[in-house]
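Trainee: Sequence and predicted structure are below.
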Amino acid sequence: MMTRVPVEAVVVLPSLKISGGIREAFRLGHDLCEGGLPASVLSMWDSPHPMECALPVTKLSGLRPRAMRAALDLPVLMVRFARWLRRRGGPPQVLVFTHYATLPLALLVPRRTRHFFVQGVEWNFVRGKVLSAMLRWIVVGIYRSGRIISANAFLSAQLRDAGLDVAFEAPIWADPAFAGRVDANRDLDFAMVLRKGAIKRLDLYLRFIELARARGLRMVAITPEDEIADAVRGQVDVLLLRPDAEQMRSAYERSRCFILLREHEGFGLPPLEAMGSGCVPICRDSGGVRAFMQDADSKDRLLPLDMPVDAIFGRAAQFVAGEQGWARASIAARACFDAGLRHVADARRELAASLMRQAGR
């Protein structure tokens with residue numbers, strides 16, 4: 001007698017490593033639960049520093065994620081995923097795949113169950129035109145086999161330009177926990193989050209830090225990476241290694257501006273999280289940040305990708321020195337943060353209801 005599969009959603013992640021994208025995947029699962037669709041998390045790889053998750057978590061392996069070995073690990077992980085499906089009596093009604101590393105697993109389940117939570121145009125995350133084109137061909141082909149859940153309108157437009165249909169939007173926004181104290185008493189000029197990876201542009205941050213030190217400006221650097229912490233220790237005034245949300249919010253409450261120098265972002269959560277405490281973002285135009293930098297005042301701080309980092313620093317130093325302009329922008333940043341919380345909560349409830357109706361068919 002065949003086992004009856006319970007109605008539920010499973011969010012499939014590469015690992016539970018500390019990142020904004022993983023946090024948003026957790027939040028999507030939580031929102032589905034709040035909407036009446038039970039959800040859990042399935043992690044392919046193990047992580048040495050996993051994020052805490054309130055949802056039930058299943059790990060396919062104890063393997064550590066390493067980019068150079070991922071292709072060798074995938075056959076093992078696909079076999080374990082197939083076994084997991086058999087043990088539970090079949091696939092869940094809603095499987096949400098969240099990263100291009102998870103897409104091979106989607107090929108093992110029926111198309112009607114496949115959902116892809118897209119937080120970035122992932123073929124833009126790799127260097128080299130040939131490799132990017134190959135990844136685009138693979139990712140777009142798999143996306144066409146299921147339903148796409150886009151993280152914001154900017155991404156939806158990019159996906160449609162690639163010839164894809166977007167079934168749902170589950171707009172990303174910062175966690176309400178980042179709503180902090182907003183006042184003018186700040187002892188730090190700049191906050192920044194430093195990550196590994198070519199598009200994260202650590203080189204630009206290191207130059208920015210050098211320039212800020214020479215001017216006597218004070219900085220906080222936040223990173224989940226031990227190597228980066230070692231590289232900037234002694235170069236910044238405050239260093240936070242793998243902080244929790246409360247520690248990050250406290251740092252933003254002390255900071256006048258958040259600096260984002262990354263090359264490409266599907267969204268870019270850290271500057272938005274900082275806005276919850278009235279910390280004003282100054283960002284290279286990495287794409288997704290346009291979701292919360294749309295008004296005329298914000299656009300003055302949305303800088304072109306080809307602007308040299310020395311010029312970016314000059315613009316940022318001038319801005320933090322202007323008390324009245326900064327104060328107005330700080331109040332506006334918090335207002336934008338609050339308005340987005342309300343809009344996103346409504347959109348997420350609508351998504352949960354839609355997936356519930358689909359799962360009940």
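Mentor: Great, that's in hand.

Trainee: From now on I want contacts and neighbour counts done on CA atoms only, so please keep to that.
Mentor: OK.

Trainee: what's Cys279 in contact with, if anything?
Mentor: Tyr252, Glu253, Ser255, Arg256, Cys257, Phe258, Ser330, Ala333 (C-alpha atoms under 8 Å, 6 or more residues apart in numbering).

Trainee: one more time with 10 Å
Mentor: 180-183, 186, 189-191, 249, 251-259, 271-273, 326-327, 329-331, 333-334 (C-alpha atoms under 10 Å, 6 or more residues apart in numbering).

Trainee: Which ones among the residues you listed map onto helices?
Mentor: Under the assignment DSSP state H, those contribute 249, 251-254, 271-273, 326-327, 329-331, 333-334 to helices.

Trainee: now, among those, which is nearest to Val344?
Mentor: Distance to Val344 across those (C-alpha to C-alpha) is lowest for Leu272, with 13.4 Å.

Trainee: Can you get me a residue count around that closest one?
Mentor: 28 (other C-alpha atoms under 10 Å).

Trainee: for Glu225, same thing?
Mentor: The tally of other residues near Glu225 (other C-alpha under 10 Å) stands at 15.

Trainee: Drop anything exposed from the contacts of Cys279.
Mentor: 180-182, 189-191, 249, 251-259, 271-273, 326-327, 329-331, 333-334 (16 or more other C-alpha atoms under 10 Å).

Trainee: For Cys336, give its distance to Pro104.
Mentor: Per C-alpha to C-alpha, to the nearest Å, Cys336 is found 38 Å from Pro104.

Trainee: again with Val10
Mentor: 16 Å.

Trainee: Comparing the two, which residue is more hemmed in?
Mentor: Taking neighbours as other C-alpha under 10 Å, Val10 and Pro104 compare with Val10 leading, 21 against 16.

Trainee: Closest to Asp230 out of the ones in helices among the contacts of Cys279?
Mentor: Out of the ones in helices among the contacts of Cys279, the member with the shortest distance to Asp230 (by C-alpha to C-alpha) is Ala251, at 19.3 Å.

Trainee: Let me know the pLDDT of the closest one.
Mentor: Looking at Ala251, its pLDDT reads 97.

Trainee: What of Ser156?
Mentor: 88.

Trainee: which non-adjacent residue is nearest Met78?
Mentor: Leu105 (6.0 Å; C-alpha to C-alpha, 6 or more residues apart in numbering).

Trainee: packing partners for the strand or helix carrying the one you found?
Mentor: Assigned by DSSP states H and E, Leu105 belongs to helix 103-106. Judged by 3 or more C-alpha pairs under 10 Å, 6 or more residues apart in numbering; DSSP states H and E, helix 103-106 is in contact with strand 9-13, helix 70-88, strand 94-97, strand 114-118, helix 129-143.

Trainee: what is the rounded mean pLDDT of that helix?
Mentor: Helix 103-106 shows a mean pLDDT of 95.

Trainee: Equivalent analysis for stretch 72-79, please.
Mentor: Throughout stretch 72-79, pLDDT has a mean value of 93.

Trainee: before we move on, what about stretch 306-321?
Mentor: For stretch 306-321, the mean per-residue pLDDT is 96.

Trainee: Any buried residues in that stretch, and which?
Mentor: Val309, Ile312, Phe313, Ala316, Ala317, Phe319, Val320.

Trainee: Off-centre distance for stretch 238-247?
Mentor: In terms of C-alpha atoms, centre = their mean, to the nearest Å, the centre of stretch 238-247 is set 17 Å apart from its chain centre.

Trainee: Pull up the distance across that stretch, start to finish.
Mentor: 12 Å.

Trainee: ok and the helix or strand hosting Leu341 relative to strand 9-13, angle-wise?
Mentor: Taking DSSP H and E as the criterion, Leu341 maps to helix 323-359. Calculated by axes from the mean of the first three to the mean of the last three C-alpha atoms, to 10 degrees, helix 323-359 forms an angle of 130 degrees with strand 9-13.

Trainee: the strands in the stretch 151-300 of the chain, which residues?
Mentor: 168-169, 188-193, 219-223, 238-241, 255-260, 280-284 (DSSP state E, counting those that start in this stretch).

Trainee: Ok, which of those strands comes nearest Asp295?
Mentor: Of all the strands of the stretch 151-300 of the chain, strand 280-284 comes closest under C-alpha to C-alpha, at 12.8 Å.

Trainee: starting at the chain centroid, how far to stretch 144-160?
Mentor: 15 Å.
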